[in-house]
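1. Got a sequence here, can you model it:
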Amino acid sequence: MFAAALALGLALAADAFAVALAQGAAARAHLHVKALIIGLAFGAAQALMPLIGWALGAAFAMWLAGVDHWIAFVVLVVLGLRMLREGLAQRTDEDPPARTLTAASLTWMALATSIDAAAAGLTFEALALDPWFASAVIGGVTALVCAAGVYIGRIAGAALGGTAETIGGVALIAIGFKILFDHGVFAMM
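-> Here you go, the predicted model:
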């Protein structure tokens, strides 16, 4: 159970990690404080959103029981493909430089990068994950990855942003196929 929650956490943290890298690259002062604040904000959002997705899924469990694995597969593959597309997109010199996050923009960015975590909360039943445990792991992983991302961004610049999203996209797609495999879909073929 921990391995699945950890893999999901790493995959879901990719968008937030990319933002943390950019913020680290833009940081000029107070790097330790910035790493802590970004880690906590993104970690909290990534921990809360899967619980919201899971709760909504639990409310409709009776209707979803026969197709939950297909829903999880589609959600994860669509999110993974979106992340792959964004990760592989060509960046140009005309791309705007990373801006420093204000409190309001940090909150919105944390929520925006965690929308896929809400969708992933729908997959907890299919993955046989305890929602509270999985959400705690996802939030903790995101907090650590983002705090590290600020430091890495400061050192290496924002060059890894697309790579992080690409890796996260591949991981989400792989988890989607694992769900189908676990539900015996490929055994029927």
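2. in stretch 13-30, what's buried?
-> 13-27 (16 or more other Cβ atoms under 10 Å). Bear in mind the C-beta positions are built from the backbone N, C-alpha and C, glycine included.
3. what does stretch 78-89 give?
-> In terms of neighbour count (16+ other Cβ under 10 Å), stretch 78-89 has its buried residues at L79, G80, M83, L84, E86, G87.
4. for it, what is the average pLDDT?
-> What stretch 78-89 shows for mean pLDDT is 77.
5. same deal with stretch 138-149?
-> Summarised as a single mean, pLDDT over stretch 138-149 is 95.
6. just how off-centre is it within its chain?
-> 10 Å (Cα atoms, centre = their mean, to the nearest Å).
7. the bottom helix or strand of this structure by mean pLDDT?
-> The weakest-scoring helix or strand in the chain, judged by mean pLDDT, DSSP states H and E, is helix 61-64 (a mean of 66).
8. and I37, what does it touch?
-> Contact partners of I37, counting by Cβ atoms under 8 Å, 6 or more residues apart in numbering, are L106.
9. From M1, how far off is it?
-> 30 Å (Cβ to Cβ, to the nearest Å).
10. Pull the contacting residues for A35.
-> A35 neighbours (Cβ under 8 Å, 6+ apart): A20, G24, C146, A147, A148, V150, Y151.
11. where in this protein is pLDDT low?
-> 26-28, 61-62, 64-65, 68, 90-101, 157-165, 167-168, 188-189 (pLDDT under 70).
12. Okay, buried residues for the longest helix seen in it please.
-> Secondary structure of the chain per DSSP state H: the longest helix is helix 31-59. For helix 31-59, burial by neighbour count (16+ other Cβ under 10 Å) applies to 34-35, 37-51, 53-54, 57.
13. roughly how far out does that helix sit from the chain middle?
-> Distance, stretch centre to chain centre, for helix 31-59: 10 Å (Cα atoms, centre = their mean).
14. Helices of the chain, start to end?
-> Under DSSP H, the chain gives helices at 2-26, 31-59, 61-64, 68-88, 103-112, 115-121, 124-127, 131-156, 161-182.
15. which parts of stretch 111-120 are buried?
-> L111, T113, S114, D116, A117, A118, A119, A120.
16. thought the fourth one was touching L79?
-> Yes: because the distance of 4.7 Å satisfies Cβ atoms under 8 Å, D116 is recorded as touching L79.
17. circling back: ok, so of the buried residues of stretch 13-30, who is nearest A134?
-> A13 (13.3 Å; Cβ to Cβ).
18. tell me the contacts of the closest one?
-> F42, Q46, I138, V141, T142, V145, C146, G168.
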